[in-house]
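>>> turn this into a model:
(one chain, ligands or ions: 1)
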Amino acid sequence: MDAGDDPTLFFSNSNIAPKAEYDKRLAHAKKLAAIWGVRLIEDEYDHEAWRETVRGYEDGPERGERCRRCFAFSLARANRMAEELGVARFTTTLTLSSHKVSRMVFEAGARHERYEPHNFKKKNGERRSRELCDLYDLYRQDYCGCEFSLRDRERAARARAESVGAE
Ligand code: SF4
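Residues are numbered from 1 along each chain as shown. Next comes the predicted model:
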């Protein structure tokens, strides 16, 4: 983003489950938008359409084909909204997390002319996001978003608990 830009936040997260988690993340995105004084547009929540997109890849690992399809789904929706609004450029914060392969995000974005790649991991982006969450008292999720990432997180927690119990 350049000085003088007038950003709009687009909350497009049909991947998130359960819906209560979606609502919680949306509420905090709205809180940040209010603090920064920027417009936030909420996309329609269509988890069924998202499920259809990743069908057959539910059991795959994070960073695999399911995530590739998930990125493509969300960025296509962002591109549609950018066209509707007449916005010349858009990007995504999907590159922020160290759990995400930025190259996969860039590849999904490259299908859209208006997409501008930004690697938000750079310049300690993830640490900076943690600092901002603390500063503004924002919710910070502990799983990526879909029910499959939640399942994997719970499995990992169980395995950790069992290995501690076995010691
Ligand atoms: S783990 Fe995250 S990026 Fe991958 S499919 Fe689920 S919500 Fe999408």
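
>>> in this protein, which ranges drop under the pLDDT threshold?
Low-confidence segments of the chain (pLDDT under 70): 1-4.

>>> what do you get if the cut-off is 80, keeping everything else the same?
Where the chain drops to pLDDT under 80, the residues are 1-5, 165-167.

>>> pull the contacting residues for the closest residue to residue 7 other than its chain neighbours.
Spatially, and ignoring its direct neighbours in sequence, residue 7 is nearest to residue 38 (5.5 Å; CB to CB, 6 or more residues apart in numbering). The way it works is simple: take the backbone N, C-alpha and C, and place the C-beta from them, glycine included. Contacts for residue 38 (CB atoms under 8 Å, 6 or more residues apart in numbering) come out as 7-9.

>>> for residue 38, what are phi and psi?
With angles defined as degrees, to the nearest 10, residue 38 sits at phi -120, psi 160.

>>> next one: residue 39
Note on residue 39: its backbone torsions stand at phi -70, psi 140 [degrees, to the nearest 10].

>>> same thing with residue 42?
According to degrees, to the nearest 10, residue 42 has phi -100, psi 130.
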